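> No sequence on hand, only this structure:
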């Protein structure tokens with residue numbers, strides 16, 4: 001029994017610890033401002049211009065979230081909060097996978113072809129860049145929608 005209580009106490013301490021992360025901001029070759037928490041995703045030729053933003057710190061207490069959720073009405077009970085949190089986690093994971101795929105595709109594009117290249121090669125490269133930029137724009141819209149959902153969720157559990 002003592003081991004069980006000790007394990008629960010250790011788990012609570014781990015889950016309520018302070019979390020901090022460094023956020024890096026850089027402007028990509030296309031002039032788009034990018035943010036990441038993984039410096040290895042920043043192209044090497046742009047690392048000298050990276051701006052490190054102030055660390056974000058938060059304390060997450062699952063007990064507090066559950067307590068707040070259970071104090072709400074039946075309509076917005078703890079079960080719905082957990083379901084919403086799970087859905088948001090799934091969306092975040094999908095967005096992260098998509099982000100990594102877009103970054104990998106960007107790396108495979110490489111540098112533009114030399115000016116003296118055949119027009120077909122230049123046109124093919126331009127098409128690929130245009131399509132990638134379109135998908136990046138779509139991703140950014142979905143990320144913005146996700147951010148709004150996070151704000152709404154935080155407002156819901158903060159009531």
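Perfect, I can see it now. Fair warning: this is a prediction, and the values are worked out from it, not measured in the lab.
> ok, longest helix in the protein?
Scanning the chain for the longest helix, with DSSP state H as the assignment, gives helix 119-157.
> and it, what other elements does it pack with?
In this structure, helix 119-157 makes packing contacts with helix 62-71, helix 78-109, judged by 3 or more C-beta pairs under 8 Å, 6 or more residues apart in numbering; DSSP states H and E. Heads up, the C-betas are built off the backbone N, CA and C, glycines and all.
> Repeat the analysis, applying 6 Å as the threshold.
Applying 3 or more C-beta pairs under 6 Å, 6 or more residues apart in numbering; DSSP states H and E, one finds that helix 119-157 makes contact with helix 78-109.
> roughly how far apart are residue 132 and residue 86?
Note on residue 132: its distance to residue 86, by C-beta to C-beta, to the nearest Å, is 31 Å.
> Compare these two (neighbour count), which wins?
A count of neighbours by other C-beta atoms under 10 Å puts residue 132 above the other of residue 132 and residue 86, at 16 against 10.
> Can you get me a residue count around the residue lying closest to the more buried one once chain neighbours are set aside?
Nearest residue to residue 132 in three dimensions, chain neighbours excluded: residue 105, at 5.9 Å (C-beta to C-beta, 6 or more residues apart in numbering). Around residue 105 sit 14 other residues, with neighbours defined as other C-beta under 10 Å.
> again with residue 136
Residue 136: 20 surrounding residues under other C-beta under 10 Å.
> Tell me the spacing between it and residue 35.
Residue 136 is 13 Å from residue 35, by C-beta to C-beta.
> now swap in residue 23 and tell me
As defined by C-beta to C-beta, residue 23 lies at a distance of 6 Å from residue 35.
> which one of those two has more residues nearby?
Using other C-beta under 10 Å, the more surrounded residue of residue 23 and residue 35 is residue 23, with 13 against 10.
> Now name the helix or strand holding that one.
strand 18-27 (DSSP states H and E).
> what pLDDT does the nearest residue to residue 135 once chain neighbours are set aside get?
The shortest distance from residue 135 to any non-neighbouring residue, by C-beta to C-beta, 6+ apart, is to residue 102 (6.4 Å). Looking at residue 102, its pLDDT stands at 89.
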